[in-house]
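> quick one, structure for this:
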Amino acid sequence: MHRPAGFLSIILHAHLPYVRHPNTAECLEELWLMEAITETYIPLIEIMQGLLEDEVPFHLTMSITPTLASMLTDKFLQERYSQHIDKLCELAQKEVHRTRWHPQLQVMALRYLEQFQKARQVFEDCHHRLLDLFVELEQTGRLEILASAATHGYLPLLLVNPQAVEVQIALGIETYRQFFGKDPQGFWLPECGFASGIDNMLDAHSIRYIITDSHGILHAEPRPRYSVYAPVYTPTMVAVFGRDWESSTQVWSASEGYPGDFFYRDFYRDIGFDLDYEYVRPHLIAGMRGCTGIKYYRITGKGDHKEIYDPITAQQRAAEHAGNFMFNRELQIQYLAAKMDRPPLVVAPYDAELFGHWWYEGPQWLDYLFRNSASQQTVFGMITPSDYLRQYPSNQISMPSQSSWGNGGYHEVWLDGSNDWIYRHLHKAAERMVALANHYPTAEGDLERALHQAARELLLAQASDWAFIMKTGTMVEYARRRTQGHIASFTELYHQITENRIDVEWLTRLEQENNIFPWLDFRLYASDANKAAAAKAATVQ
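Here you go, the predicted model:
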């Protein structure tokens, strides 16, 4: 049997913040999930199913965060998606008719109609439970799914209250067990945010490995002998894999990487902006101009002029770019293998939503990469981090530095003048939540319900997404409203609990709106002694 010179690990991070608004007829932000299902998650599922059917020996690692998994299994959001994809199919049908005298546009109109109809069929065939398809794919051994923090809290900045980080981790792992029926091997650190102490908490939950950005490994102490091309162990024996900068930049960078190719589809030229308002209005969220997913133009160049998109040429470019990526990894791994005493590992993590949503041809590129790597080269093999550890369990002990994969490499995306105001509220709420859990360890009835919901509100406020959005300036008002709303709800619950005046009607409405983690036990925030007392009381009852 041929032994490759090294390995490549493709890792996709699938995450969206928890957005669920049953009290509104239409919600613009729910479109984030709808677009990702149609343009990213279903195409990825179809690619993996096709690779399995053709017996292509691929290996892919993928995180599915607790918030995303919760939304994919939420019946309300499933119904919202069903309505959304029906409207998309109707719009595509209209476009096929409208473009009948424009052959170039109609080629794409027909492709969109086929894509949307296929997405609807996949969604119906799995009885609206897309997560089940990922579970089935993992059971084949070709896909490995990672756990992650409960609401994608940016852990280094929550460490002011270690129990807040512990709960993010513990609840994330418990949610993984609920959805996937097993213990996770790896854990995706939100935003790849690492700081000393987080590894101790992960080790306590038997997590075997995590991913950090390149400099988290390069600045580790002592300096790693093999840079990012072999994992290191923290002193608690959690393995840490570092992101390879070269392979990452080739894919995610719009300026230097493949997605910016002038023949690829332009993300921003959408008929939701281009066509007559009255024509597209029935297919817009709340009547606001925005993306529909139907786009007819290619990037063309850096100016405003755009040429019509040619899917055949774009597909050829995706094949060429997959070949280029494979060739570069061959050269890279051959060079590294000559200097290491073990096969080098190139770790290439990306946001899953890049593939299909932001980079329309991304799923095609990934498909070509897996197929070509299996049939056209023998230098490297595809592998998951856990499989690499099984084959090469002896690695250097070194402590990674604080780091993230955000702009600047550290914490500045989630802590600057646009969003720093949130932390005094998050830290105070976490302090209060710990106090509540320790004061009421044996709570029951409405008091217990209120404590559970207080924990939910705190967790939802801690999501890293809100600080990120404030920093990038995209949907700032929504991010501020979500942060303030969850903190306000937590604070009101805190006062109702401590003043013994729980408003059951209001609490019920809050539970129905923010219903994530039905298995959440507020006692996660309690000290070990109080947890033991609560467990003993429950046993006696």
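
> and the strands in the stretch 151-300 of the chain?
Ranges of strands in the stretch 151-300 of the chain, per DSSP state E, counting those that start in this stretch, are 186-188, 209-212, 232-233, 239-242.

> for the second one, which helices and strands make contact with it?
Packed against strand 209-212 by the contact rule (3 or more CB pairs under 8 Å, 6 or more residues apart in numbering; DSSP states H and E) you find strand 186-188, strand 239-242, helix 385-391. Every residue, glycine included, has its C-beta placed from N, CA and C.

> try it again at 6 Å.
If contacts are counted by 3 or more CB pairs under 6 Å, 6 or more residues apart in numbering; DSSP states H and E, strand 209-212 sits against strand 239-242.

> dump the strand it packs on to CSV, keeping only the CA atoms.
What follows is strand 239-242, C-alpha atoms only, in CSV (Å, rounded to 0.1, in the frame of the first residue of the first chain):
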residue,chain,number,x,y,z
ALA,A,239,-3.7,18.6,20.8
VAL,A,240,-3.6,21.9,18.9
PHE,A,241,-3.5,22.1,15.1
GLY,A,242,-2.4,25.4,13.5
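
> quick one: that strand to chain centroid distance?
19 Å (CA atoms, centre = their mean, to the nearest Å).

> out of the strands of the stretch 151-300 of the chain, flag the one nearest L284.
Ranking the strands of the stretch 151-300 of the chain by proximity to L284 (CB to CB) places strand 186-188 first, at 33.8 Å.

> average pLDDT for the helix ranked longest in the chain?
Longest helix of the chain, by residue count under DSSP state H: helix 311-337. With pLDDT averaged residue by residue, helix 311-337 scores 98.

> what of stretch 117-129?
Regarding stretch 117-129, the rounded mean pLDDT is 98.

> returning to what we had before: which one, of the strands of the stretch 151-300 of the chain, ends up nearest to Y478?
Among the strands of the stretch 151-300 of the chain, the nearest to Y478 by CB to CB is strand 186-188 (24.3 Å).

> in stretch 386-399, what's buried?
386-389, 395, 398-399 (16 or more other CB atoms under 10 Å).

> which residues touch stretch 265-279?
Contact with stretch 265-279 is made by 280, 289-292, 294-295, 297-299, 306, 309, 358, 360, as judged by CB atoms under 6 Å, 6 or more residues apart in numbering.

> now a ChimeraX select for only the buried ones of the residues you listed.
In ChimeraX syntax, the buried subset of the contacts of stretch 265-279 is picked out as below (16+ other CB under 10 Å):
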select :280,291,292,294,295,297,298,299,306,309,360
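
> could you dump the contacts of stretch 265-279 to TSV with distance to V135?
Formatted as TSV, the contacts of stretch 265-279 follow (distance: CB to CB, whole Å):
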residue	distance to V135
V280	37
R289	38
G290	32
C291	30
T292	31
I294	31
K295	32
Y297	38
R298	37
I299	36
K306	41
Y309	35
W358	26
Y360	27
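
> which ones among the contacts of stretch 265-279 map onto helices?
Among the contacts of stretch 265-279, the members falling in helices (DSSP H) are V280.

> looking at the contacts of stretch 265-279, spot the one nearest A463.
Relative to A463, the closest of the contacts of stretch 265-279 is W358; by CB to CB it sits at 20.6 Å.

> contacting residues for that closest one?
W358 neighbours (CB under 6 Å, 6+ apart): F267.

> which pLDDT value belongs to it?
For W358, the model assigns a pLDDT of 95.

> one more: A529?
55.

> quick revisit: columns mean pLDDT and distance to F179 on top of the strands of the stretch 151-300 of the chain, output as TSV?
Listed next are the strands of the stretch 151-300 of the chain as TSV, based on pLDDT from 0 to 100; distance: least, CB to CB, whole Å:
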stretch	mean pLDDT	distance to F179
strand 186-188	98	14
strand 209-212	98	20
strand 232-233	98	28
strand 239-242	98	24
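
> format these as a markdown table; extra columns: distance to I10.
Below are the strands of the stretch 151-300 of the chain laid out as a markdown table (distance: least, CB to CB, whole Å):
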| stretch | distance to I10 |
| --- | --- |
| strand 186-188 | 14 |
| strand 209-212 | 12 |
| strand 232-233 | 21 |
| strand 239-242 | 12 |
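
> any chance of these in a markdown table, with mean neighbour count and distance to I45 too?
Below are the strands of the stretch 151-300 of the chain laid out as a markdown table (neighbours: other CB atoms under 10 Å; distance: least, CB to CB, whole Å):
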| stretch | mean neighbour count | distance to I45 |
| --- | --- | --- |
| strand 186-188 | 25 | 19 |
| strand 209-212 | 25 | 23 |
| strand 232-233 | 22 | 34 |
| strand 239-242 | 26 | 25 |
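
> quick one: low-confidence ranges for this protein?
1, 529-541 (pLDDT under 70).

> where is the longest strand in it?
strand 6-14 (DSSP state E).

> after that strand, which helix or strand is next?
For strand 6-14, the succeeding helix or strand toward the C-terminus, using DSSP states H and E, is helix 31-36.

> relative to the whole chain's centre, how far out is that next one?
Its chain's average C-alpha position is 13 Å from that of helix 31-36, according to CA atoms, centre = their mean.

> same thing with stretch 299-319?
Centroid separation for stretch 299-319 versus its chain: 28 Å, with CA atoms, centre = their mean.

> cool, and stretch 488-496?
When distances are taken as CA atoms, centre = their mean, stretch 488-496 is centred 30 Å away from the chain's centroid.

> how about that stretch: buried residues?
Across stretch 488-496, burial judged by 16+ other CB under 10 Å covers 489-494, 496.

> how about stretch 101-120?
So for stretch 101-120, counting by 16+ other CB under 10 Å, buried means 105-109, 112-113, 115-116, 119-120.

> of those, which is the nearest to I207?
A119 (33.9 Å).

> what helices or strands is the stretch of helix or strand the closest one belongs to leaning on?
Assigned by DSSP H and E, A119 belongs to helix 103-125. Helix 103-125 is packed against helix 75-98, with contacts defined by 3+ CB pairs under 6 Å, 6+ apart.

> apply 8 Å and report the result again.
Secondary elements touching helix 103-125 (3+ CB pairs under 8 Å, 6+ apart): helix 42-53, helix 75-98, helix 130-139, helix 311-337.
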